[in-house]
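Peer 1: structure for the following, please:
(one chain, ligands or ions: 2)
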Amino acid sequence: MIETVATSPYDDQKPGTSGLRKKVPHFQQPNYVQNFVQALFDVVERPESAVLVIGGDGRFFNREVVAIAIRMAAANGYARVIVGQDGILSTPAASNLIRKRKASGGIVLSASHNPGGPDGDFGIKYNIANGGPAPEKITEATFARTKEIREYRIVSEEAPDISRIGEHRLGDLVVEVVDPVADYAALMRELFDFAGIRAMIAGGFRMRFDAMHAVTGPYAKAIFEGDLGAPAGTVVNGTPLPDFGGGHPDPNAVYAKDLIDHLMAPDGPDFGAASDGDGDRNLIVGRGIVVSPSDSLAVLAANAHLAPGYSGGIAGIARSMPTSQAADRVAHKRGIGIYETPTGWKFFGNLLDAGRVTICGEESAGTGSNHVREKDGVWAVLLWLNVLAATKKSVKDILEAHWREFGRNYYQRHDYEEVDAKGANALMDSLRDRLASMSGQRFGTLVVSEADDFSYKDPVDGSISTGQGVRIVFSGGSRIVFRLSGTGTKGATLRVYIEAYQADPAKHGQAPAEALKELIETAEAVGEIRRWTGRNEPDVIT
Ligand code: VG1
Ligand code: CO
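Peer 2: Numbers count the residues shown, from 1 in each chain. Ligands and ions are numbered 1, 2, ... in the order given. This is a model prediction of the structure:
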């Protein structure tokens with residue numbers, strides 16, 4: 001039976017970089033989830049008898065919200081929902097299902113790399129029919145709707161048992177529970193030379209994949225240990241846990257230290273990788289070398305043609321603004337398009353749909369292609385493996401050869417987490433106030449050549465996004481970028497991105513901290529980070 005339930009609006013349901021993210025207890029307030037889901041159903045485009053994909057990264061509260069979403073879909077005219085077994089779908093697997101099954105959209109439950117558990121974070125994101133995150137037009141309309149919502153619709157019956165694969169019914173709604181891995185693994189088999197990778201592994205190549213107790217465990221086991229024949233135990237922390245074992249499922253030097261330690265050992269594996277909470281990020285580590293995500297994007301773009309799925313070459317590359325310009329050098333040399341977009345995968349969707357780009361990436365460990373409309377951690381690992389199998393080189397050799405050919409973009413991101421929001425906003429305001437007068441200003445040996453607050457005009461639909469981060473460019477092309485995170489759930493997180501280009505191969509062996517020393521000091525001088533945040537150093541450097 002369909003019930004219409006009266007509710008009152010919340011004023012804080014504004015989606016950020018990647019959906020609505022809040023602490024679990026915040027989501028557990030009366031009707032908080034229902035309001036947001038109804039607002040989505042009220043604003044999104046869908047035909048009669050639409051299909052909706054539902055799944056999440058398995059974190060605490062996932063099951064409850066999956067059940068609510070199914071019952072609300074039944075009351076809101078959907079014909080069919082496709083749900084991952086036990087409510088599990090990685091973000092790229094959800095994107096794939098939306099596309100493959102011609103759904104009108106999907107609800108993806110995740111707070112990605114943020115910790116989970118009863119006091120951890122939760123998130124709800126809506127993806128559109130192309131499989132990608134809803135563009136700003138839709139997130140803004142959803143937010144507007146949440147502020148005026150007065151009722152929601154839900155069926156009174158319980159949702160079916162989603163641990164059983166197959167078709168169930170809830171009133172007129174078909175609830176189809178699917179294996180979360182099968183369709184995704186089939187897509188990977190189409191794109192990559194599985195036989196070649198399998199032969200490399202059979203020949204003694206050793207790898208380690210850290211699923212960080214998050215969603216990629218089942219995908220990685222099926223693909224790396226199953227299809228590709230890597231020995232059992234290759235995938236570590238491979239069982240998804242509602243609290244990710246108490247850790248941060250964020251594949252970076254801080255939270256994936258254990259993986260990096262294994263790869264730094266002289267007798268360590270040849271290749272290491274990790275993914276995040278919802279399976280869209282990737283960290284790539286070779287024996288003795290960590291690949292920075294911006295470099296990984298450039299290397300994958302330069303070598304993608306070695307994989308069967310990209311053998312015709314790539315149409316172009318897109319990167320988020322703060323991502324290093326290493327990919328630009330590949331694009332220029334190969335004569336293909338390069339696009340600079342605001343942070344967040346939603347800005348890549350139009351470029352991919354229009355066929356202007358094939359590969360996209362972000363400095364935050366996200367890489368992906370036109371195979372889905374999300375970044376994809378396991379995909380990036382497979383493309384690396386395919387490149388290694390095809391070239392028979394080590395990760396270190398590939399990276400160093402890449403730098404010799406294209407030059408090296410030294411890069412670091414400094415995060416100041418959970419700082420006072422007022423101070424962080426004041427820092428950004430102060431920078432913005434000084435932008436007009438910054439050009440020509442000298443800091444040590446560095447002279448500012450350009451300074452702006454990044455704004456983007458989508459070349460496909462003409463939509464404009466302003467205020468996307470302060471860029472300070474120095475003569476010679478070095479850059480410092482300041483922006484505030486749009487995924488945090490407490491206070492503000494300041495991100496400072498620092499980049500310098502080095503063409504001379506004799507100078508490619510430096511530690512990034514050393515190569516970027518003067519720029520790091522300049523970031524403090526320009527941004528007055530200590531003054532505004534009260535912090536002497538960043539919490540995380542990636
Ligand atoms: C961060 C990253 C951004 C990424 C976003 C979602 O956003 O910087 O590159 O797209 O997270 O990734 P922000 O606004 O906090 O800088 V995920 O894996 O959290 O969905
Ligand atoms: Co993620």
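Peer 1: please make it C-alpha for all contacts and neighbour counts, starting now.
Peer 2: Will do.
Peer 1: quick one: residues contacting the nearest residue to residue 59 once chain neighbours are set aside.
Peer 2: Excluding its sequence neighbours, the residue lying closest to residue 59 (Cα to Cα, 6 or more residues apart in numbering) is residue 242, at 4.0 Å. If you count contacts by Cα atoms under 8 Å, 6 or more residues apart in numbering, residue 242 has them with 58-60, 116-117.
Peer 1: report the separation between residue 242 and ligand 1.
Peer 2: 17 Å (Cα to the nearest ligand atom, to the nearest Å).
Peer 1: so that residue, which of the three states?
Peer 2: coil (DSSP: H, G, I helix; E, B strand; the rest coil).
Peer 1: any idea which element the residue of the stretch 51-200 of the chain found nearest ligand 1 lies in?
Peer 2: Here the residue of the stretch 51-200 of the chain nearest ligand 1 is residue 112; by Cα to the nearest ligand atom that distance is 4.4 Å. Under DSSP states H and E, no helix or strand contains residue 112.
Peer 1: contacting residues around it?
Peer 2: Each residue near residue 112 by Cα under 8 Å, 6+ apart is listed here: 57, 249, 276-279.
Peer 1: same thing with residue 362?
Peer 2: Applying Cα under 8 Å, 6+ apart to residue 362 gives the contacts 293-294, 297, 319-320, 322-323, 343.
Peer 1: do residue 270 as well
Peer 2: 205-207, 263, 286-287, 394-395.
Peer 1: near ligand 1, which residues of this protein?
Peer 2: 17-18, 112-113, 280-281, 343-345, 362, 364, 485-487 (Cα under 6 Å from any ligand atom).
Peer 1: closest point of the stretch 51-200 of the chain to ligand 2, which residue?
Peer 2: Residue nearest to ligand 2 within the stretch 51-200 of the chain (Cα to the ion): residue 112, separated by 3.8 Å.
Peer 1: tell me the confidence at that residue?
Peer 2: We have a pLDDT of 95 for residue 112.
Peer 1: what comes up buried for stretch 134-145?
Peer 2: By neighbour count on 16 or more other Cα atoms under 10 Å, the buried set for stretch 134-145 is 134-136, 138-139, 141-145.
Peer 1: which ones among the residues you listed are found in helices?
Peer 2: Residues from those lying in helices, with DSSP state H as the criterion: 136, 138-139, 141-145.
Peer 1: quick one on the thing from earlier: so which of the contacts of residue 112 are also by ligand 2?
Peer 2: residue 278 (Cα under 5 Å from the ion).
Peer 1: for the contacts of residue 112, which single residue is the most surrounded?
Peer 2: Among these, residue 277 has the most neighbours (other Cα atoms under 10 Å), with 33 neighbours.
Peer 1: now tabulate the residues of the chain next to ligand 1 in JSON lines and tack on secondary structure.
Peer 2: What follows is the residues of the chain next to ligand 1, written out as JSON lines (three-state DSSP):
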{"residue": "17", "secondary structure": "coil"}
{"residue": "18", "secondary structure": "coil"}
{"residue": "112", "secondary structure": "coil"}
{"residue": "113", "secondary structure": "coil"}
{"residue": "280", "secondary structure": "coil"}
{"residue": "281", "secondary structure": "strand"}
{"residue": "343", "secondary structure": "coil"}
{"residue": "344", "secondary structure": "coil"}
{"residue": "345", "secondary structure": "helix"}
{"residue": "362", "secondary structure": "strand"}
{"residue": "364", "secondary structure": "coil"}
{"residue": "485", "secondary structure": "coil"}
{"residue": "486", "secondary structure": "coil"}
{"residue": "487", "secondary structure": "coil"}
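Peer 1: what's the distance between the residue of the stretch 301-450 of the chain found nearest ligand 1 and residue 322?
Peer 2: Using Cα to the nearest ligand atom, the single residue of the stretch 301-450 of the chain nearest to ligand 1 is residue 344, 3.6 Å away. Residue 344 sits at a distance of 11 Å from residue 322 (criterion: Cα to Cα, to the nearest Å).
Peer 1: between those two, which one's more packed in?
Peer 2: residue 322 (30 against 23).
Peer 1: give the contact list for residue 32.
Peer 2: Here residue 32 is in contact with 10, 26 (Cα under 8 Å, 6+ apart).
Peer 1: swap in residue 527?
Peer 2: Contacts of residue 527 (Cα under 8 Å, 6+ apart): 427, 431.
Peer 1: so what touches the longest helix seen in the chain?
Peer 2: The helix that spans the most residues within the chain, counting by DSSP H, is helix 421-438. Applying Cα under 8 Å, 6+ apart, the external contacts of helix 421-438 come out as 448, 450-453, 470, 482-484, 491-494, 526-529, 532-533.
Peer 1: how is the protein partitioned into domains?
Peer 2: Here the domain assignment for the chain is 2-179, 184-406, 408-541, based on automatic domain parsing.
Peer 1: got the end-to-end distance for the shortest one?
Peer 2: Using Cα to Cα, the end-to-end distance of domain 408-541 comes out at 19 Å.
Peer 1: again with the first one
Peer 2: Taking Cα to Cα, domain 2-179 runs 29 Å from one end to the other.
Peer 1: before we move on, back to that, pipe the buried residues of stretch 134-145 into TSV and attach pLDDT per row.
Peer 2: Listed next are these as TSV, based on pLDDT from 0 to 100:
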residue	pLDDT
134	95
135	91
136	90
138	96
139	96
141	97
142	98
143	98
144	98
145	98
